[in-house]
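In: Next input, structure requested:
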Amino acid sequence: MTEPLIARMTAEELGRFLEDHFPGMNSRESRFTVEAVNGRSVRLRMSYHDRMLRPGGTISGPAMFALADISMYAAVLALVGPRLLAVTTSLNINFLRKPGPADMLGEATILKLGKRLAVGEIGLRSVGEDELVAHATATYAIPAE
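Out: Got it, this is the predicted structure:
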């Protein structure tokens, strides 16, 4: 059984940290909002903008990849605290179905948290939909405190 982990950052603290240290992540084309921190999981919302669409009227892969990566980064920080130099070492994404033009949610769950690495999975959904549009797995390197 997985041991419970206590978050070191709230949704509000994570949101402020990301806004302060990554101001370019929120622009007129994209906006990421930390909605919830719940133990090993963090939920982010990516607000829809028509510049995210690719031909065929679906949200582009790069936009979904960004949501997955930022969601995982937020989940790691929620548990280890504000460490700027935590970085993605791998991220694999499977696109399952075409999301329409709508806000999307990324829910990242930490599966294993070690001293130097965190491994997790991220489910991406369109707001109001139950089925995943993409599933990702990721590993993050965690710098020493």
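In: show me what contacts residue 69?
Out: 88, 91, 138 (C-beta atoms under 8 Å, 6 or more residues apart in numbering). In this view, the C-beta of every residue, glycine as well, is placed from N, C-alpha and C.
In: for residue 77, same thing?
Out: 9, 14, 17, 83, 86.
In: Just those residues: which are in helices?
Out: If you go by DSSP state H, the contacts of residue 77 have 14, 17 in helices.
In: can you give me the strands in this structure?
Out: Assigned by DSSP state E, the chain shows strands spanning 31-38, 41-47, 53-54, 58-59, 87-95, 104-113, 117-126, 134-141.
In: Out of those strands, which gets the lowest mean score?
Out: Of all the strands of the chain, the minimum mean pLDDT falls on strand 53-54 (a mean of 87).
In: That one: how far from the chain's middle?
Out: 20 Å (C-alpha atoms, centre = their mean, to the nearest Å).
In: With stretch 121-134 instead?
Out: Distance, centroid of stretch 121-134 to centroid of chain: 12 Å (C-alpha atoms, centre = their mean).
In: so what's the backbone phi/psi at residue 82?
Out: Main-chain torsions, residue 82, degrees, to the nearest 10: phi -70, psi 90.
In: Tell me the spacing between it and residue 76.
Out: Noted for residue 82: a distance of 11 Å to residue 76, by C-beta to C-beta, to the nearest Å.
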